[in-house]
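>>> structure, please.
(chains A, B, C and D)
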Protein chains: 2
Amino acid sequence: MRKISDSTIRRLSVYLRFLEQAKSPTISSGELARLGGTTSAQVRKDLSFFGSFGKRGLGYSVPELTRRIRDILGLERGYRVVLVGAGRMGGALVQYHGFRQRGFHITAIYDQDSRKIGSRWNGLVVRDVKHLETDLKKDPSDIAIVATPAESAQHVVDRLVRSGVKAILNFAPVPLNVPPDVEVKTVNMALELETLSYSLANR
Amino acid sequence: MRKISDSTIRRLSVYLRFLEQAKSPTISSGELARLGGTTSAQVRKDLSFFGSFGKRGLGYSVPELTRRIRDILGLERGYRVVLVGAGRMGGALVQYHGFRQRGFHITAIYDQDSRKIGSRWNGLVVRDVKHLETDLKKDPSDIAIVATPAESAQHVVDRLVRSGVKAILNFAPVPLNVPPDVEVKTVNMALELETLSYSLANR
DNA sequence: TTCTGTGAATAGGTTCACAGCT
DNA sequence: AGCTGTGAACCTATTCACAGAA
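Sure, this is the predicted structure:
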């Protein structure tokens, strides 16, 4: 398959959010653009990589386009997600409603700290991270969320990769090394604040 | 000032993190690149937008480059940050060590929910969001973090903008409208998972 | 010799503009 | 007439490659 840019995928995801809230049966590229903060040409180009979903003179059928984008993004199948790191951030993520809503189900939580192990979080019992490999062998997961301290992140990731995890959402503030068939997305909040600092400093 | 791309700024922020951990007194663009997951040419180009900080044949002085990047990013001055939304995510952010470490001080927390108002969070008392404008008039902040539900985010942002906030880090999963002199960075975690879903679906 | 600094070349993403359906 | 689909033009970011300083 043709290489699609990350920004296109992110925009599709944004369009999807608005399609799901749309009231009218059809929507134009211009309207989607306005909602998603982009241009109508961009919307049409983004969609054109995957096919021709619209009707000229009319726009896009909301239910059809919704279905198509969900399909492109692979959201139909639903995912089992394991979370490593039961700190504050892990806690927020477990509760985060947006994940479940989108078909991402957190099925297990791991931590190192014996004070956390055994406690219940949103219906899940925090397990000792030493069980990570054996658990994943029994119940594989495609996606893991890493919310550990920076120091342990790479080690945890190595173990996840060995256990067959293919995609990792990383909240630890370090770039992670993984083999080319594994996808990592790092969310670094301090870094986001620093870009804001830069824009404040340069005006 | 010449327009610098967001990706350059983000990489500077990554380099800075490694410079602060570096042990040797000098470092080459190749080494910084390896640590930061990029190329040596990229490192040199990024830095060249702001000056010539290295010595040919030698590399960059770690303390000097650290200072220069902190200066470029505007991190020397320190920032007062207000947080709106005392939910799970807000709680995680208040505790997040990376912020304080980098000179971002959360000075107030606001919420709408009377059950949360008055409770202590990390030494701060959660205040009723109705005091937002009067508080900001007394003690202005340049930066706000918005961690409210999607529905209230735009309204909160309008009030922040009217109160003189110039930079917003948004965790609500909606694009926000702000005047051109205000900078917004949105972190949307469900969206990050969706890009991972896409890459799993297309292999 | 090593490693920076930087124009030039390349690649990639966005916008334009218009032909072609409905 | 309205709005899509898309090649072409444009613009921006990355990579190359090499001259030049330590």
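
>>> make it CA atoms for all contacts and neighbour counts henceforth
Noted.

>>> next, give phi and psi for the closest residue to A:E31 other than its chain neighbours.
Leaving aside its chain neighbours, A:E31 sits nearest to A:S40 (7.7 Å; criterion: C-alpha to C-alpha, 6 or more residues apart in numbering or on different chains). Per-residue torsions, A:S40: phi -70, psi -40 (degrees, to the nearest 10).

>>> and A:K137, what does it touch?
By C-alpha atoms under 8 Å, 6 or more residues apart in numbering or on different chains, the contact set of A:K137 is A:S163.

>>> quick check: buried residues in the helix or strand hosting it?
For A:K137, the element it lies in under DSSP states H and E is helix A:132-138. Going by neighbour count (16 or more other C-alpha atoms under 10 Å in any protein chain shown), the buried part of helix A:132-138 is A:132-133, A:136.

>>> can you give me the neighbour number for the residue nearest to A:E31?
A:S40: 16 surrounding residues under other C-alpha atoms under 10 Å in any protein chain shown.

>>> any residues of chain A in contact with DNA strand D? List them.
A:27-30, A:40-41, A:44-45, A:47-49, A:51-60 (C-alpha under 7 Å from any atom of the strand).

>>> buried subset of those, written for PyMOL?
Applied in PyMOL, the following selects the buried portion of the residues of chain A next to DNA strand D according to 16+ other C-alpha under 10 Å:
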select buried, chain A and resi 27+28+29+30+40+44+47+54+59+60
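
>>> okay, domains of chain A per the record?
Chain A breaks down into these structural domains: A:6-73, A:79-191 (assignment by automatic domain parsing).

>>> would you map the strands across chain A?
Residue ranges of the strands in chain A, as given by DSSP state E, are A:26-27, A:54-55, A:59-61, A:79-84, A:104-111, A:120-121, A:124-128, A:143-146, A:167-170, A:183-186.

>>> what's the average pLDDT for the helix holding A:K137?
Helix A:132-138 shows a mean pLDDT of 98.

>>> CA atoms only: put it into CSV for me.
Only the C-alpha atoms of helix A:132-138 are listed here, as CSV (Å, rounded to 0.1, in the frame of the first residue of the first chain):
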residue,chain,number,x,y,z
LEU,A,132,4.0,-9.5,31.8
GLU,A,133,5.5,-12.1,29.5
THR,A,134,3.5,-15.0,30.8
ASP,A,135,0.2,-13.1,30.7
LEU,A,136,0.9,-11.8,27.2
LYS,A,137,1.6,-15.4,26.0
LYS,A,138,-1.8,-16.5,27.3
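
>>> quick check: pLDDT value at the residue most central in space within chain A.
The residue lying closest to the centre of chain A (C-alpha atoms, centre = their mean) is A:L169, at 6.8 Å. pLDDT, A:L169: 98.

>>> tell me how far the top helix by length along chain A lies from the chain's centre.
In chain A, assigned by DSSP state H, the helix with the most residues is helix A:6-21. On the basis of C-alpha atoms, centre = their mean, to the nearest Å, helix A:6-21 sits 12 Å off its chain's mean C-alpha point.

>>> and what of stretch A:127-140?
22 Å.

>>> pLDDT weak spots in chain A?
Within chain A, the stretches with pLDDT under 70 are A:1.

>>> gap between the residue in it sticking out farthest from the centre and chain B?
For chain A, the largest distance from the centre (C-alpha atoms, centre = their mean) belongs to A:G57, which lies 34.5 Å off. The gap separating A:G57 from chain B is 28 Å, by C-alpha to the nearest C-alpha, to the nearest Å.

>>> look up how far A:Y15 lies from that residue.
Relative to A:Y15, A:G57 is positioned 20 Å away (criterion: C-alpha to C-alpha, to the nearest Å).

>>> same thing with A:I69?
Taking C-alpha to C-alpha as the criterion, A:I69 is separated from A:Y15 by 9 Å.

>>> one more: A:G78?
To A:Y15, A:G78 is 19 Å away according to C-alpha to C-alpha.

>>> wait, doesn't A:L196 sit right on B:A167?
Yes. Counting by C-alpha atoms under 8 Å, A:L196 does reach B:A167; the two are 6.1 Å apart.

>>> overlap of the contact sets of the two?
Common neighbours of A:L196 and B:A167 (criterion: C-alpha under 8 Å, 6+ apart): B:183-184.

>>> residues of chain A that sit close to DNA strand C?
Residues of chain A found near DNA strand C (C-alpha under 7 Å from any atom of the strand) are A:4-8, A:38-39, A:41-42, A:45, A:55-58.

>>> pick out the most distant pair among those.
Using C-alpha to C-alpha, the two most remote members of those are A:D6 and A:G57, lying 29.3 Å apart.

>>> OK, contacts around A:A190?
B:98-99, B:102.

>>> whoops, A:L75 was the one
The contact partners of A:L75, by C-alpha under 8 Å, 6+ apart, come to A:102-103, B:194, B:197-198.

>>> can you do 10 Å?
By C-alpha atoms under 10 Å, 6 or more residues apart in numbering or on different chains, A:L75 lies in contact with A:67, A:69, A:102-104, B:194, B:197-198, B:201.

>>> a markdown table for the residues you listed, including neighbour count?
Below are those laid out as a markdown table (neighbours: other C-alpha atoms under 10 Å in any protein chain shown):
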| residue | neighbour count |
| --- | --- |
| A:R67 | 16 |
| A:I69 | 20 |
| A:R102 | 17 |
| A:G103 | 17 |
| A:F104 | 22 |
| B:E194 | 23 |
| B:S197 | 24 |
| B:Y198 | 20 |
| B:A201 | 14 |
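
>>> A:N122 against A:G91, yeah?
Yes. Assessed by C-alpha atoms under 10 Å, A:N122 is found in contact with A:G91 at 8.9 Å.

>>> between these two, which has more neighbouring residues?
Per other C-alpha under 10 Å, whichever of A:N122 and A:G91 has more neighbours is A:G91, with 20 against 9.

>>> hang on, that one packs against A:G85?
Yes. Between A:G91 and A:G85 there is a contact under C-alpha under 10 Å: 8.7 Å.

>>> give me the common contacts of the two.
Shared contacts of A:G91 and A:G85 (C-alpha under 10 Å, 6+ apart): A:109, A:147.

>>> tally of neighbours for A:T195?
By other C-alpha under 10 Å, the residues close to A:T195 number 24.

>>> what sits against it?
Listed by C-alpha under 10 Å, 6+ apart, the contact set of A:T195 reads A:201, B:6-13, B:73-74, B:167, B:183, B:185.
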